[in-house]
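K.L.:
No sequence on hand, only this structure:
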Ligand SMILES: NC(=O)c1ccc[n+]([C@@H]2O[C@H](COP(=O)([O-])OP(=O)(O)OC[C@H]3O[C@@H](n4cnc5c(N)ncnc54)[C@H](OP(=O)(O)O)[C@@H]3O)[C@@H](O)[C@H]2O)c1
């Protein structure tokens, strides 16, 4: 099939609320010699899309974000960093993928997945999609899965570790929970009471409802604490860290990041912070776990591209349960969550 000259995409031309995004026709990207052109079957609106679209970033990152994504207006008008779809064209030098292959990929900070077609570097973070894995599930794997694996590698998670995850019901939190349980860790999940049963189903040994209980004041110590919310920086988390324990600051302000080496030098704790590296091997690992039924990407809801504003609004609520999936070519609407 020859890709059309124009495609439908969710486009935003200025930073702001969900309503700055609208669906329109744009030129279909043309793959370079080392690229794949993928027909997007499913993508997600991630918390990164929300942060970039609204420039809502942790303290200290405002200027850096504008430098990265556009000083006065977005440089890349199409958001979307993860996708699953079918390869419809390949560059002349591509040998590892063929037209017709089903793939799952991360576009990373190049973005562009909220569209009918997206170019992905063939040597980038892209792997074949197992046939029995639905496109909607596959699209929800890269962002949470690669973040979890990277933070656990840097934090040296081991079997038998006691781990607490703050924000365990989100995309990153639910990925961390399942990866940690598979690695033999004992996991305490922090979320609201409404998500407690789901956390236990995914393998949490204990759930702390943050609306009634402060995990840092319980007197329980953890080998690792993963903060995916941003309200458990070191001054709070240290009360619940065991001697030699590590804080995985998935969300951290710039001052907190800069202080991290000092904490490592002056206390018996360690802080792991900063952007997670996206590695193709990690994507391969998480896709294999999902294919084997050992990892279930949580899907909050699944909306068609035409409802992109609603998808952004749900992500911006901060209450999604796993990922908000967007299907580019379907009217389908399913959910395994509620309206929260
Ligand atoms: N460092 C990196 O490289 C990196 C990579 C990926 C993501 N991130 C960041 O990680 C963060 C998490 O991303 P995400 O996509 O997983 O977020 P998310 O899916 O939006 O997280 C939503 C979840 O957070 C829970 N939550 C909300 N308030 C809470 C609180 N006060 N205490 C505990 N849980 C709370 C909610 O549970 P309830 O509904 O039960 O309240 C909800 O399930 C984002 O800020 C993102 O920017 C960083």
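P.N.:
Arrived safely, thanks for sending. All values reported here derive from a predicted model rather than from experimental measurement.
K.L.:
hey, let's count contacts and neighbours off CA atoms from now on
P.N.:
Fine.
K.L.:
Quick check: the gap between the most centrally placed residue in the chain and residue 69.
P.N.:
Note on the chain: the residue nearest the mean C-alpha position is residue 143, at 2.9 Å, using Cα atoms, centre = their mean. Relative to residue 69, residue 143 is positioned 19 Å away (Cα to Cα, to the nearest Å).
K.L.:
now swap in residue 76 and tell me
P.N.:
7 Å.
K.L.:
Let me see the contact set for the spatially closest residue to residue 161 that is not a sequence neighbour.
P.N.:
In space, and not counting its chain neighbours, residue 161 is closest to residue 185: 4.9 Å by Cα to Cα, 6 or more residues apart in numbering. Going by Cα atoms under 8 Å, 6 or more residues apart in numbering, residue 185 touches 157-163.
K.L.:
Ok, residue 209 next?
P.N.:
Contacts of residue 209 by Cα under 8 Å, 6+ apart are 190-193, 196.
K.L.:
One more: residue 249?
P.N.:
226-228, 230, 233, 271-274 are the contacts of residue 249 under Cα under 8 Å, 6+ apart.
K.L.:
ok, 6 Å please
P.N.:
227, 272-273 (Cα atoms under 6 Å, 6 or more residues apart in numbering).
K.L.:
Okay, and which of those residues map to strands?
P.N.:
227, 272-273 (DSSP state E).
K.L.:
ranking these by neighbours, who comes first?
P.N.:
residue 227 (26 neighbours; other Cα atoms under 10 Å).
K.L.:
where does the stretch 101-250 of the chain come near the ligand, residue by residue?
P.N.:
Within the stretch 101-250 of the chain, the residues that sit near the ligand (Cα under 6 Å from any ligand atom) are 147, 166-167, 169-173, 190-192, 195, 210, 228-229, 250.
K.L.:
In strands, which of these fall?
P.N.:
Going by DSSP E, the strands hold 166, 190-191 from these.
K.L.:
From these, pick the one nearest the ligand.
P.N.:
Each of those was checked against the ligand using Cα to the nearest ligand atom; the closest is residue 191, at 4.1 Å.
K.L.:
I'd say that closest one and residue 164 touch.
P.N.:
No. The pair residue 191 / residue 164 is not scored as a contact, 11.0 Å apart, by Cα atoms under 6 Å.
K.L.:
Who has more neighbours out of the two?
P.N.:
residue 164 (31 against 22).
K.L.:
That one contacts residue 228, correct?
P.N.:
No. Assessed by Cα under 6 Å, residue 164 is found out of contact with residue 228, at 10.7 Å.
K.L.:
Could you count how many residues lie near residue 255?
P.N.:
Residue 255 has 12 nearby residues by other Cα under 10 Å.
K.L.:
How much space separates the residue nearest to residue 161 from residue 162?
P.N.:
In terms of Cα to Cα, residue 185 sits 6 Å off from residue 162.
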